[in-house]
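**Q** Pasting the sequence and the predicted coordinates here, then a few questions.
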Amino acid sequence: MTLSGRQLALFILLAIVVQLLGCGKRGPPQSPFVRVPAPMGDMRVHRLGDEVHVGFTLPIANVDGSAPADLERIEVYAMTIQPRLVPDRELDLEEFMEEGTLVGTIEALPAEISEMNAARAVEEADLVGPPRPIEVDPRPAQGFPAMIVDKLTPEKLIPIDPWEDEREEVEKKRRKRKRPIRLPLMTPLQPDVLQRQYAVVGISTRGEEGEAAERISVPLVDAPKAPPAPVVTYTAEVVNLAWELPIGVRGTVQEPVQPPGAPGAAATGASTMAATAPGAAPTILGAVPGTTSGAPTTPGAPSAAAPTGPVLPPGGAPLPAQPGAPTTSPAAAPGGQPPATTTAGTTQVAVTEPTGVIGTPPGGVITPGTTVPAGPGTTPPANPGSSPTSSTGVTGVTGSALTKLQSTPIVEWPPATRYDLFEVVEQRPGMTAMPFPLNLNPLEQPIYSDKRVEFGVERCYGVLSLDEVAGLDIRSVVSTPTCVTFIDTFPPDQPEGLTAVGSEGAVSLIWEPNEEEDLAGYLVLRGVPLGETLRPLTLEPVIENTYRDTTGEPGVDYVYVVIAVDTATPPNESPPSAQVQERPR
């Protein structure tokens, strides 16, 4: 069968129309869309002594919002520069990566493996019996924190100048002008503080760089000195920490004027340090040997485990006692160790000095701190070089009160030294999170209160100094940690309202219940008025706040007292209640 001429012409015309419609819009071909990971989140760069900690959170999505993120690894770049007061232009990411130095690389856990591990964990939770050992993958997963530490060396302190060629071109153009620009005679501008800038970049599985997070700089000047080891005292509800001012501490040069009644407005008279509210949840800071600072003690029995009184750090002066905290004079104990004394309401422990460096595995010898008696009625000076504040509120002058005058500063001055307090815990394999301090905001006074009291749990505390240079934060290394194991030596309150009612062959007792959370019950003791020793009527504590004694002889007067006990080991006993006398009929 053959096509006629008209059919052939129609077929050719239809083919031409199809080709014209399939060509699409004219223009250069567009490159295919490539997914790249979103910028890192929660980026923080802190310099601690000669180390710079770069922390961030891995993204969970790409730039276009698709999830999970196409993330293979994270690269951290750094560049040491000395900015000019007339700032140069900001380098783009490619220029920064080319001119800077690769500090380190972290391989990210693939999203597929992370999902498999999560499903396996759910299955393990449903199984009966001991859990099977699971190998921990050290690679961070998407949405989890990670950290790289940059150790500062002399080579890294040498600045580079990526803008030198650009400035030379501008200078050449200026010289070619017929009439040079005449500038007024003035002192040459000095360069800004030497600093090191960091950028964190996510790399996709195709090798494409994602958008970098904000670049953060740290100053490369001398770091401040670390404070001495903190001194720890605690009650049943709160842990109080205090430390001496470090060497070279900055003080407030001039306080700004604040309107009357404004929050934080200073009052007349000498200022005193106020307790700071506790902050956020703790995080990891470094490795510390597991040490204990005490064991349960009985009243009057000496022990070398939990010495009392302020602690004299190595090379430092004794730290005055906390206001309101009782002080005791240490007595000699067997073996030459300081005693452990428990006063009503407060226990004070000494510094435990593990050897080694923060961030390294433990393995040193523990040396207990030296205890000295506290000086009553004094508080640490708020500023370096100032006299301690006496209990009468007089600063530096005896017998006359000083008034703090406020004014408006005319010269900008860096703020006074502040502090960050950390809970130092042992570094475990696979943990790469950057530490968070316990305080939400930097502490302005060398004291802190931590309400996380858990008896039988050991905690180690370390503190560092925080200064500001050219608007950039710089921190000291962490102080020598103070480790303490919280021991419940706090007895319940004395039972009150004991009442006895005699009846046929029995005596019924009732009293007001105690409110302690760790209350185990009550011991009911009985004796005769002629001075016989009171003896407990039950082997185990009574749970309820009532008791019926049916073991007495009718017509004989008996004396009753009640003692509250808690769940500690050994249990703490409250003072005995008031005695009551009654007889069974």
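**A** Noted; the coordinates are in hand.
**Q** Could you measure from Glu423 over to Gly65?
**A** The spacing between Glu423 and Gly65, counted by CB to CB, to the nearest Å, is 37 Å. All C-beta spots, glycine's among them, are computed from the backbone N, C-alpha and C.
**Q** swap in Ala229?
**A** From Ala229 over to Gly65 the distance is 49 Å, taken as CB to CB.
**Q** which of those two has more neighbours?
**A** Applying other CB atoms under 10 Å to Ala229 and Gly65 shows that Ala229 carries more neighbours, namely 26 against 7.
**Q** Touching, that one and Val478? I think so.
**A** No: using CB atoms under 8 Å, Ala229 makes no contact with Val478, being 10.1 Å away.
**Q** any common contacting residues for these two?
**A** Counting by CB atoms under 8 Å, 6 or more residues apart in numbering, the contacts common to Ala229 and Val478 are Gly462.
**Q** can you give me the helices in this structure?
**A** Using DSSP state H, the helices of the chain run over 5-22, 93-99, 111-126, 164-176.
**Q** pLDDT below threshold where in the chain?
**A** Applying pLDDT under 70 to the chain flags residues 1-4, 17-33, 86, 124-134, 177-183, 186-190, 254-411, 428-432.
**Q** How is it partitioned into domains?
**A** The chain breaks down into these domains under automatic domain parsing: 41-166+190-219, 226-251+276-323+337-372+414-490, 499-582.
**Q** what's the closest of these to Arg6?
**A** Smallest distance to Arg6 across those (CB to CB): 52.8 Å, for domain 41-166+190-219.
**Q** Pro191 against Pro87, yeah?
**A** No: Pro191 is beyond contact range of Pro87, at 11.1 Å (criterion: CB under 8 Å).
**Q** So if I had to pick from the two, which one is more boxed in?
**A** Remark: of Pro191 and Pro87, Pro191 carries more neighbours, 12 against 9, as counted by other CB under 10 Å.
**Q** Tell me, how many residues neighbour the closest residue to the more buried one other than its chain neighbours?
**A** Closest residue in space to Pro191, ignoring its immediate chain neighbours: Gln82 at 4.8 Å, by CB to CB, 6 or more residues apart in numbering. By other CB under 10 Å, the residues close to Gln82 number 14.
**Q** contacting residues around Gln82?
**A** Contacts of Gln82 by CB under 8 Å, 6+ apart are 159, 191-195.
**Q** next one: Thr551
**A** Taking CB under 8 Å, 6+ apart, we find Thr551 in contact with Leu537.
**Q** where does it fall, phi/psi-wise?
**A** Torsion angles at Thr551 (phi, psi; degrees, to the nearest 10) stand at phi -100, psi 0.
**Q** Can I get stretch 486-493 in CSV, CA atoms only?
**A** What follows is stretch 486-493, C-alpha atoms only, in CSV (Å, rounded to 0.1, in the frame of the first residue of the first chain):
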residue,chain,number,x,y,z
PHE,A,486,26.9,14.2,98.0
ILE,A,487,26.2,12.3,101.2
ASP,A,488,22.9,12.5,103.0
THR,A,489,23.8,13.6,106.6
PHE,A,490,20.8,15.8,107.0
PRO,A,491,18.3,14.4,109.6
PRO,A,492,14.5,15.0,109.3
ASP,A,493,12.8,17.6,111.3
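**Q** What is the top strand by length along the chain packed up against?
**A** When the chain is scanned for its longest strand (criterion: DSSP state E), the result is strand 458-469. Strand 458-469 sits against strand 239-242, strand 418-423, strand 472-475, strand 482-485, with contacts defined as 3 or more CB pairs under 8 Å, 6 or more residues apart in numbering; DSSP states H and E.
**Q** Out of the ones you listed, flag the one nearest Val463.
**A** strand 418-423 (5.0 Å).
**Q** buried stuff in that closest one?
**A** Within strand 418-423, the residues that count as buried by 16 or more other CB atoms under 10 Å are 418-423.
**Q** any chance of the residues you listed in JSON lines, with distance to Gly462 too?
**A** Below are these laid out as JSON lines (distance: CB to CB, whole Å):
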{"residue": "Arg418", "distance to Gly462": "15"}
{"residue": "Tyr419", "distance to Gly462": "11"}
{"residue": "Asp420", "distance to Gly462": "9"}
{"residue": "Leu421", "distance to Gly462": "8"}
{"residue": "Phe422", "distance to Gly462": "5"}
{"residue": "Glu423", "distance to Gly462": "8"}
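**Q** out of those, who's nearest Met43?
**A** Distance to Met43, by CB to CB, is smallest for Asp420 among those, at 17.9 Å.
**Q** how near is the residue nearest to the closest one when sequence neighbours are not counted to Arg585?
**A** Excluding the flanking residues, the one nearest Asp420 by CB to CB, 6+ apart is Pro437, at 4.0 Å. Going from Pro437 to Arg585 by CB to CB gives 67 Å.
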